[in-house]
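K.L.:
What follows is a predicted structure for the sequence shown.
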Amino acid sequence: MKLKNIFFTLFFLTNLTALHSQNGIITYKTKRTKIRKTSNPEMTRKITEEVNRSSYVLYFNKEKSFFKKEKNIPLYPFKSKFADISTGANKNWYQFNGINKDAMYNTEILSKQYIVNDSSRMKEWEFFNEIKIIDGYTCYKAVNKKLNTRSGNYITNIAWYTTDIPLPYGPIGNGGLPGLILKLEIDNFHYLVDKIILNPKKIKKNPSLKKGKNIDVNEKIRLMRDVRKVTID
């Protein structure tokens with residue numbers, strides 16, 4: 001059963017007033033939930049191991065957030081890069097709590113810097129009347145079906161967010177919901193909260209987006225195809 005969007009809007013505005021000065025740090029862990037059969041099971045095993053031992057951090061306040069993978073020493077450096085790509089953590093994400101609810105990241109193509117807007121990750125959610133307790137917080141379910149530009153198939157993203165922290169952020173650019181995402185289920189893996197620190201005494205100054213031309217995801221794909229000299233057909 002879907003809940004009315006107006007309910008969440010009113011609930012969000014009410015709680016945001018109470019927590020307008022809130023900021024914090026949340027760390028996540030990733031876990032591979034499905035392991036598909038491949039022609040190279042040993043490589044799959046190593047990638048899965050790297051996914052399962054990775055951690056990530058999201059710094060947030062009422063205006064914006066910054067998400068990145070935490071540094072670690074990989075067991076398999078080459079496989080670790082594949083793990084980052086598969087979890088979407090091969091880039092740093094910036095989210096903005098403005099009217100448009102933007103999610104952005106930097107990318108470099110032919111030594112030229114770009115700002116890629118992938119704000120579909122902050123929109124088009126369907127709300128469901130399902131509840132789960134995560135790390136002591138009451139969380140609600142939302143679903144977003146997103147097109148995988150590589151395979152052409154749709155991937156179902158399931159977010160569990162808490163209105164106890166009514167800020168619209170989450171892992172790898174996903175958000176725009178009436179609360180912080182504590183669990184994000186994507187295809188064959190998920191992000192799960194590991195630790196939350198609200199209103200820390202020391203506030204880290206996060207990096208800003210590098211200056212560059214603003215493009216959307218489709219434009220990024222076209223530019224990369226041009227670089228590789230591969231046509232759309």
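P.N.:
Here it is on my side, so go on.
K.L.:
can you give me the helices in the protein?
P.N.:
5-18, 41-52, 77-87, 217-228 (DSSP state H).
K.L.:
Which strands or helices does the third one pack on?
P.N.:
Think helix 77-87. Helix 77-87 makes packing contacts with helix 41-52, strand 189-198 when contacts are defined by 3 or more C-beta pairs under 8 Å, 6 or more residues apart in numbering; DSSP states H and E. Backbone N, C-alpha and C define where each C-beta goes, glycine included.
K.L.:
go with 7 Å
P.N.:
Secondary-structure packing of helix 77-87 (3 or more C-beta pairs under 7 Å, 6 or more residues apart in numbering; DSSP states H and E): helix 41-52.
K.L.:
Next: the last one.
P.N.:
Contact here means 3+ C-beta pairs under 7 Å, 6+ apart; on that basis helix 217-228 packs against strand 102-109, strand 112-117.
K.L.:
Quick check: which of those strands has the most neighbours on average?
P.N.:
Greatest average neighbour count among these goes to strand 102-109 (a mean of 18), per mean count of other C-beta atoms under 10 Å.
K.L.:
Show me what it is in contact with.
P.N.:
The list of residues contacting strand 102-109 from outside it, by C-beta atoms under 7 Å, 6 or more residues apart in numbering, reads 91-96, 113-119, 121-122, 173, 175, 209-210, 212, 220, 223-224, 227.
K.L.:
What's the separation between the residue nearest to Gln113 when sequence neighbours are not counted and Ile35?
P.N.:
Sequence neighbours aside, Gly212 is the residue nearest to Gln113 in space, at 3.5 Å (criterion: C-beta to C-beta, 6 or more residues apart in numbering). Between Gly212 and Ile35 the computed distance is 37 Å (C-beta to C-beta, to the nearest Å).
K.L.:
just to revisit the earlier point, including distance to Ile165 and mean pLDDT, could the helices and strands packed on helix 217-228 go into a markdown table?
P.N.:
Formatted as a markdown table, those follow (distance: least, C-beta to C-beta, whole Å; pLDDT from 0 to 100):
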| stretch | distance to Ile165 | mean pLDDT |
| --- | --- | --- |
| strand 102-109 | 18 | 96 |
| strand 112-117 | 25 | 96 |
